[in-house]
Each structure stands twice: as C-alpha cells, then as structure tokens.
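Chemist: Below: sequence and its predicted model.
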Amino acid sequence: MEASRSEISAAVESEEVTYASVKFSQTPLPRAKAPQEKRAPCLWSAVLKGLAIGFGTLSISLAVALIWKMSDCHPHCPQQWVAYRGSCYSFSMEKKDWNSSQESCRAQGAHLLVISDTWEMDLFKHFQEVYYWIGLRNHTSSGWIWEDGSVLSGAKVHSNSPVQNCATLKKNQFYGSSCEVLAPWICEKTLR
C-alpha cells in the first residue's frame, strides 16, 4: 500500500530537530544515602601509639648519644670521661679488686661512683651489660654506706653471702660481691 502524501508530510515533520536550552543549578541535587557498611575497628590509635613509642625511643637514644658526644669535648672533664649533670664519669676497661679500683679513682682526683639520685641511676641503667665496682660498701654495724658517708636508702643490694661486702652495679641493680673479685669500675668527680 501506498502512503498518502499527507501521511508522508506528517512523518517528515516529526523528524524535524528541536533545540532546547538547559540551565543547571549551582547546588547539587541531594544524593540518596548508601546503607552503612560494616567497617573494621579503627586502627589509628594503635598506629599513633606505635609511632609515639618509636619517636620517644628515638628521642631518648638521640639525647643519650648527644650526652656522650658532648662529653668528648667538654672543657671541664678529662678526655674519655663523660659529663652529666655537674659530674664527670670514667668507665674503666681493665679489671681490679674493689680497693685497687678505689685507689685508681683517687689517683685521678675522683672516687668510686656514688649514686645520689634517680637521675644519676637512670643514666647508668642504660649503658651496662657488665658488673662495675661502685663506691658502696657493707659496714656490718651500719649497713651499706656510700664513699661519701651517706647510707644507702630506698634500694636493695642483692647479696647471698656474708663475705659480699663490696657493691657492683649492673643496669639499675646493686649486687654484693667479695671485694677481692676483679671487675671494671666507674670513677666520678665533680665538674670544676
């Protein structure tokens, strides 16, 4: 069948292109909220805590290294001595008995280490893996006495024999020993 002219003309008219102008608004359309997904527990606090511990350890290590480095060139301490909070410290490499260690310190214008406060104890507990002679001795009638005459208080000397009358230090612990044992020692003197 043949289409009439009026039908063809209507089909052509319907194929005409129409243009329109569209304007978009500046505010975005609201979006539908997605359903809440289950999430793993927040690990940020653990990560931050780990970072804080890491940076804290690094800071302490750097401070200790700085103290040691500064002691190498400190004008008031002899060479090879460590300066810390108004005192100079020397760590022997050789081993002697307690009395000979004490004489060695005195020959250098010093005395065996006397720990007077927790700051000083904190310094030594990080550096030692061996026992060092210190200026602490057991006087049976008076107990453990430092070389400066002060009485040991607030700490215990680990001892398992009555012949252990001289003290050593390893990390932050005091240990009694026979005074004749050979060990390295720590000398101390006040900065001038």
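Modeler: Yep, it's here.
Chemist: Break down the protein into its strands, ranges please.
Modeler: Counting by DSSP state E, the chain has strands at residues 82-84, 87-91, 111-112, 132-139, 143-146, 157-158, 166-170, 173-177, 186-190.
Chemist: List the buried residues for the longest one?
Modeler: Translated: strand 132-139. 132, 133, 134, 135, 136, 137, 138 (16 or more other C-beta atoms under 10 Å). Where C-beta positions appear, they are placed from N, C-alpha and C, glycine not excepted.
Chemist: Name whatever forms a beta bridge with the fifth one.
Modeler: With DSSP bridges as the criterion, the beta-bridge partners of residue 136 are residue 146.
Chemist: What residue, apart from its backbone neighbours, is nearest residue 89 spatially?
Modeler: Leaving aside its chain neighbours, residue 89 sits nearest to residue 82 (4.6 Å; criterion: C-beta to C-beta, 6 or more residues apart in numbering).
Chemist: The one you found reaches residue 113, doesn't it?
Modeler: No. At 11.4 Å, residue 82 does not count as touching residue 113 under the criterion of C-beta atoms under 8 Å.
Chemist: More neighbours: which of those two?
Modeler: Taking other C-beta atoms under 10 Å, residue 82 and residue 113 do not tie; residue 113 has more neighbours (26 against 20).
Chemist: quick one, what contacts that one?
Modeler: By C-beta atoms under 8 Å, 6 or more residues apart in numbering, the residues touching residue 113 are 89, 124, 132, 134, 135, 169, 185, 186, 187, 188.
Chemist: show me the residues around residue 89 that make contact.
Modeler: 81, 82, 83, 113, 186, 187, 188.
Chemist: any idea which of the buried residues of strand 132-139 is closest to residue 106?
Modeler: Residue 106 lies nearest to residue 135 out of those, by C-beta to C-beta, at 10.7 Å.
Chemist: you'd agree that closest one is up against residue 147?
Modeler: Yes. Residue 135 is within contact range of residue 147, at 3.4 Å (criterion: C-beta under 8 Å).
Chemist: and for those two, which residues touch both?
Modeler: Joint contacts of residue 135 and residue 147 (C-beta under 8 Å, 6+ apart) are 102, 111, 112, 114.
Chemist: Show me the shaky parts of this structure.
Modeler: The chain contains residues with pLDDT under 70 at 1-75, 126-128, 192.
Chemist: Spit out the contact partners of the nearest residue to residue 169 once chain neighbours are set aside.
Modeler: Nearest residue to residue 169 in three dimensions, chain neighbours excluded: residue 134, at 4.8 Å (C-beta to C-beta, 6+ apart). Going by C-beta under 8 Å, 6+ apart, residue 134 touches 112, 113, 114, 115, 167, 168, 169, 174, 185, 186.
Chemist: again, 10 Å this time
Modeler: By C-beta atoms under 10 Å, 6 or more residues apart in numbering, the residues touching residue 134 are 98, 101, 111-115, 124, 146-147, 166-169, 174, 185-188.
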